[in-house]
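Engineer: Everything below, folded, please.
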Amino acid sequence: MNKNHEHELIKAPMLGGYSDTYIKLTKNRVIFFSEDVTKESAAQLSALLLYYDNENHNEPITLYLNSNGGDASGLANIYDVMQVIQAPVRTICTGKCYSAGAVILASGTSGERYAFRSAKIMIHGIQFGFPLLGQDVINSKNYYDFLKDNNDNIMKILARHTGHSLEKLKEDCKQDLWLDAKQALNYGIIDRIL
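Structural biologist: So this is what the prediction gives:
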């Protein structure tokens with residue numbers, strides 16, 4: 001990897017700027033994602049995952065998570081990349097994984113999803129305000145259908161990775177479902193407590 005490329009890779013905000021510690025960790029395929037999921041942060045994380053997978057398909061990537069959650073389209077970006085790359089992705093919740101952060105945590109390679117003992121995890125359906133002021137009925141219905149499709153997709157992802165039925169996930173996620181590490185383990189979001 002040339003120095004200019006490395007410089008661009010490391011300056012991503014989610015990696016803590018230019019801290020020597022973060023630079024050394026990224027060289028060992030360790031990523032710290034400690035921000036909200038946005039389209040921008042999702043693109044940066046996805047790029048790192050693709051880069052490491054391209055470097056070596058067999059060596060695991062370790063993804064430490066401490067996130068409030070965020071944007072559903074950003075989540076879809078990260079999730080799809082995690083599913084198509086061949087390198088195993090070890091996910092570890094270091095403090096909190098809420099909403100989209102919890103979905104990313106659950107989507108790690110089976111058997112390689114962890115949380116620290118004090119971690120807090122929360123899952124829920126998509127949160128939104130409705131109706132849109134100033135929108136006609138057709139646009140409001142289109143927006144509702146769009147959000148419903150996104151919510152159904154997130155529930156299917158959680159069902160796939162936790163082993164619960166889609167119906168149970170939809171029922172449990174009608175409101176915020178707060179879990180400590182032991183509860184997250186029992187729910188199937190993680191495989192082990194560290």
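Engineer: Buried residues of stretch 37-49, list them for me.
Structural biologist: Neighbour-count burial for stretch 37-49 flags Val37, Ser41, Ala42, Gln44, Leu45, Ser46, Leu48, Leu49 (criterion: 16 or more other C-beta atoms under 10 Å). In short, each C-beta sits where N, CA and C put it, glycine included.
Engineer: so Leu158 makes contact with Ala100?
Structural biologist: No: judged on C-beta atoms under 8 Å, Leu158 makes no contact with Ala100 at a distance of 11.2 Å.
Engineer: Longest strand in the chain, please.
Structural biologist: strand 89-98 (DSSP state E).
Engineer: In its sheet, which strands sit next to it, and in what direction?
Structural biologist: Strand 89-98 sits in its sheet next to strand 61-67 (parallel), strand 113-115 (parallel), strand 120-123 (parallel), going by DSSP bridges.
Engineer: deepest of those strands, which one?
Structural biologist: When these are scored by mean count of other C-beta atoms under 10 Å, the highest mean neighbour count falls to strand 113-115 (a mean of 26).
Engineer: related to what we said a few turns ago, now the buried residues of stretch 37-49 in CSV, please, with extra columns for pLDDT, secondary structure and distance to Phe116.
Structural biologist: Formatted as CSV, these follow (pLDDT from 0 to 100; DSSP: H, G, I helix; E, B strand; the rest coil; distance: C-beta to C-beta, whole Å):
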residue, pLDDT, secondary structure, distance to Phe116
Val37, 95, strand, 20
Ser41, 94, helix, 22
Ala42, 95, helix, 24
Gln44, 92, helix, 24
Leu45, 95, helix, 20
Ser46, 96, helix, 25
Leu48, 93, helix, 22
Leu49, 96, helix, 22
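Engineer: So which of those is the closest to Arg117?
Structural biologist: Val37 (24.2 Å; C-beta to C-beta).
Engineer: which one's the longest helix in the protein?
Structural biologist: helix 137-162 (DSSP state H).
Engineer: follow-up on the earlier one: restrict the longest strand of the chain to CA atoms and write it as PDB.
Structural biologist: Coordinates of each C-alpha in strand 89-98 appear next as PDB, following Å, rounded to 0.1, in the frame of the first residue of the first chain:
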ATOM      1  CA  VAL A  89     -16.100 -10.100  10.600                       C
ATOM      2  CA  ARG A  90     -15.800 -10.300  14.300                       C
ATOM      3  CA  THR A  91     -18.200  -7.800  16.000                       C
ATOM      4  CA  ILE A  92     -17.700  -6.600  19.500                       C
ATOM      5  CA  CYS A  93     -19.900  -4.100  21.500                       C
ATOM      6  CA  THR A  94     -17.700  -2.100  23.700                       C
ATOM      7  CA  GLY A  95     -20.200   0.200  25.300                       C
ATOM      8  CA  LYS A  96     -23.500   0.600  23.500                       C
ATOM      9  CA  CYS A  97     -25.000  -0.700  20.300                       C
ATOM     10  CA  TYR A  98     -28.400   0.900  19.800                       C
END
